[in-house]
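# whatever this is, show me its structure:
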Amino acid sequence: MKPRNIKQPRNVLFILLITFTISIIMFQCKESYTIELKHESGTIEGKIENYDGVYKSGKLSYFDAISRIPQHKIFAIDSTGSFKANFNIPHPIFNTSHLDVQGNYYSVFLEPGKDLRIKISSNSIEYIGDNGLSNNQITLLDDTINKKFQKEIEHCSFLHTTDIVYHDYIEEQINLAKMKLEFINEFEKTHNISEDVLNAIKKDAFYAAAKSWICFRYDYSEGYPQERDTLFNNFYEDLFESYPVNDRNALVSREYIDYISNIKTVFSQSKSFGTLNDFAMNSNLFSKGELHLIEGLNKRDTSITKSNEFKQFYNEDTKKSLRELSQRYYFNNILRSCKDMPNGIGRDLIISQGLSYHYFTYSYIQPTEKEWERIEELIETKFIFNNLLDLDNSYKNKTSALEGSNKIPESIRESAINLSNDLFGEYLGKVVYIDFWATWCGPCRIEIPYSKMLIEHFRDEDIVFLFLCCKSNKQDWENSIAHEKLDGEHYFINDSEYSELSALYEVNGLPTYILINKQGKVVNKNAPRPSSKETIINEIQKLLENKF
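This next block holds a predicted model:
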């Protein structure tokens, strides 16, 4: 639900502070060049010095501002330590792309059509040649900023978890951005920094405050984000006035992309089409009786959801229809909300990210002809509209946008399959629920009590709960297992093993849950978490009954 504004007088001193600070920042962000949108391929060619042959694969991950759909390119590392990764991007990207090589992560600045050569030695990366200049400069400047303002950055990073008042919170975030930008201006006077690097670093510093501002709509007092019931008057109006949504040269910045993504989420929950029940009613997909059952489901009315009529109605086809309906509801809220925005690149990106997230990310939903007409009417940048058409065509024949995104070299696939068989091939004939987790991962640990309940629910059934701890300290893992007293099969996998298994099973974050049927076939690479309760119970039950 979109938070309500508290209608109280605006703080004049605060508004003056915002206006004054923003004017300084905008003056410091003047550009002398413009980012062009163009889809061009590039390569990263690398060499690992003193390669020991343990890691046989690596991964390049990145996303752009138009779709914000993560891309993961698995590449082989040959016997000499050489590798090559390909990418295709529509604009320069900073802080949204990184290399995972030998268990280490390296941020890379990528530009359309530009090849990059690198050398990795002793866990450090060196950029070679003319196209490596921008990466060397951006690494130097970014590292210098992070070291100089380390305390301030850490302080501002955790402000959202405190009881700080709204005005003070925004003031501190803006002051941090101001300090960074003033430092960058002084730094460039004594260092020869290219325009593309200066633009990337300045935009990231500038829009970091914007992202922090819009994320303040969440309350973390319970330890996890919850939408605030109320927000201060003119929360969004002040934000959009202070931080331009339409900023073409900010496409390079992760902070700007996340700012747009958060606006997209706010708009999706705007209820421009009323409630989800209203949208279902206007869809003409359901009878009056079925709409009554859907309303009971949304209200969690047990007198309805336990009825025989509901049990007959709520089958797999109905669930699929309702999931699709809800995604259309959210996306159409975005379209209607965007009508009130000034046209430009920002509005285009809110729509393109909204379409990509709700229609392409998990399972493909085909936009209707009417939706395409509204999209074309609202999107000003022809390149972005054509990009969406291309994305739609690429996903039409896929059941998941993630399907096939990790094209694994055959040598890596074979090695990963052998490792997989060695680890849990003995469980063939049973359903396997895999949990990739880490000891330091907060969301992983939150799931542990629910895992215990799930294991207990299926005790004595033909299912194995397989916990694969990765990217962690082995002693911490042993201590966690002893402390939590969690049943199931537990394995500690080293970084090399994780590299192969994550490529095979498309693990792009932690925790990740995977379901394998009794025949050893992966049926869901993005299975529901234990905390989904009924959802994951139903999926497991079907596998146990061989309904897949």
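# okay, now the domains of this structure?
As assigned by automatic domain parsing, the chain contains the domains 4-30+142-255, 40-128, 276-395, 410-544.
# between these, which one is nearest to residue 269?
domain 276-395 (7.0 Å; C-beta to C-beta). Just so you know, the C-beta spots here come from the backbone N, C-alpha and C atoms, and that holds for glycine as well.
# and the closest one, what's its mean pLDDT?
On average, the pLDDT along domain 276-395 is 92.
# might you calculate how far that domain sits from the centre of the chain?
In terms of C-alpha atoms, centre = their mean, to the nearest Å, the centre of domain 276-395 is found 20 Å from the chain centre.
# distance between the ends of that domain?
26 Å (C-alpha to C-alpha, to the nearest Å).
# stretch 93-100 too?
Terminal-residue distance, stretch 93-100 (C-alpha to C-alpha): 17 Å.
# mind putting the domains of the chain in a markdown table, mean neighbour count and distance to residue 264 included?
Converted to a markdown table, the domains of the chain look like this (neighbours: other C-beta atoms under 10 Å; distance: least, C-beta to C-beta, whole Å):
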| stretch | mean neighbour count | distance to residue 264 |
| --- | --- | --- |
| domain 4-30+142-255 | 16 | 11 |
| domain 40-128 | 18 | 9 |
| domain 276-395 | 17 | 5 |
| domain 410-544 | 17 | 20 |
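# residues making contact with stretch 285-305?
Residues outside stretch 285-305 that contact it (C-beta atoms under 8 Å, 6 or more residues apart in numbering): 276, 277, 280, 281, 309, 310, 313, 314, 321, 322, 325.
# which residues does the first one contact?
By C-beta under 8 Å, 6+ apart, residue 276 lies in contact with 298, 325, 326, 329.
# adding secondary structure, write those residues out as JSON lines.
Putting the contacts of residue 276 into JSON lines (DSSP: H, G, I helix; E, B strand; the rest coil) gives the following:
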{"residue": "298", "secondary structure": "helix"}
{"residue": "325", "secondary structure": "helix"}
{"residue": "326", "secondary structure": "helix"}
{"residue": "329", "secondary structure": "helix"}
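# where does pLDDT dip in the stretch 401-548 of the chain?
Scanning the stretch 401-548 of the chain for pLDDT under 70 picks out 401-407, 547-548.
# quick one, strands of it?
431-437, 463-469, 489-492, 512-516, 522-524 (DSSP state E, counting those that start in this stretch).
# adding distance to residue 454, write these out as a markdown table.
Putting the strands of the stretch 401-548 of the chain into a markdown table (distance: least, C-beta to C-beta, whole Å) gives the following:
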| stretch | distance to residue 454 |
| --- | --- |
| strand 431-437 | 8 |
| strand 463-469 | 7 |
| strand 489-492 | 14 |
| strand 512-516 | 10 |
| strand 522-524 | 15 |
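# which one of the ones you listed lies nearest to residue 546?
Across the strands of the stretch 401-548 of the chain, closest to residue 546 is strand 431-437 (C-beta to C-beta), at 9.6 Å.
# so what touches the closest one?
With contacts defined as C-beta under 8 Å, 6+ apart, strand 431-437 is touched by 424, 444, 447, 451, 454, 461-470, 501-502, 505, 507, 510-518, 527, 536, 540, 543-544.
# could you give the angle of it to strand 512-516?
Angle between the axes of strand 431-437 and strand 512-516 is 160 degrees (criterion: axes from the mean of the first three to the mean of the last three C-alpha atoms, to 10 degrees).
# in helices only, show me the contacts of stretch 285-305.
Among these, DSSP state H puts 276, 277, 280, 281, 309, 310, 313, 321, 322, 325 in helices.
# can you say which two of those are spatially most distant?
Greatest spacing in the ones in helices among the contacts of stretch 285-305, by C-beta to C-beta: 276 and 309 (20.3 Å).
# measure the residue of the chain most remote from its centre to residue 314 for me?
Taking C-alpha atoms, centre = their mean, the residue of the chain most remote from its mean C-alpha position is residue 308, at 39.5 Å. In this view, residue 308 and residue 314 are 11 Å apart by C-beta to C-beta, to the nearest Å.
# residue 233 too?
42 Å.
# can you give me the helices for the stretch 401-548 of the chain?
Using DSSP state H, counting those that start in this stretch, the helices of the stretch 401-548 of the chain run over residues 410-424, 442-446, 448-457, 474-484, 495-505, 534-544.
# and these as TSV, adding distance to residue 177?
Converted to TSV, the helices of the stretch 401-548 of the chain look like this (distance: least, C-beta to C-beta, whole Å):
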stretch	distance to residue 177
helix 410-424	42
helix 442-446	27
helix 448-457	38
helix 474-484	36
helix 495-505	35
helix 534-544	41
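# which one of those lies closest to residue 229?
Closest among the helices of the stretch 401-548 of the chain, using C-beta to C-beta: helix 442-446, at 23.2 Å.
# on that earlier part again, among the domains of the chain, which comes closest to residue 135?
domain 40-128 (4.1 Å).
# measure the closest one end to end?
21 Å.
# part of a strand, is residue 267?
No - according to three-state DSSP, residue 267 belongs to no strand; its state is helix.
# ok, the residue lying closest to it once chain neighbours are set aside - contacts?
Nearest non-adjacent residue to residue 267, counting by C-beta to C-beta, 6 or more residues apart in numbering: residue 337, 3.8 Å away. Neighbouring residues of residue 337 by C-beta under 8 Å, 6+ apart: 267, 270, 272.
# any chance of those residues in JSON lines, plus neighbour count, pLDDT and distance to residue 386?
Below are the contacts of residue 337 laid out as JSON lines (neighbours: other C-beta atoms under 10 Å; pLDDT from 0 to 100; distance: C-beta to C-beta, whole Å):
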{"residue": "267", "neighbour count": "23", "pLDDT": "96", "distance to residue 386": "23"}
{"residue": "270", "neighbour count": "15", "pLDDT": "90", "distance to residue 386": "27"}
{"residue": "272", "neighbour count": "19", "pLDDT": "81", "distance to residue 386": "26"}
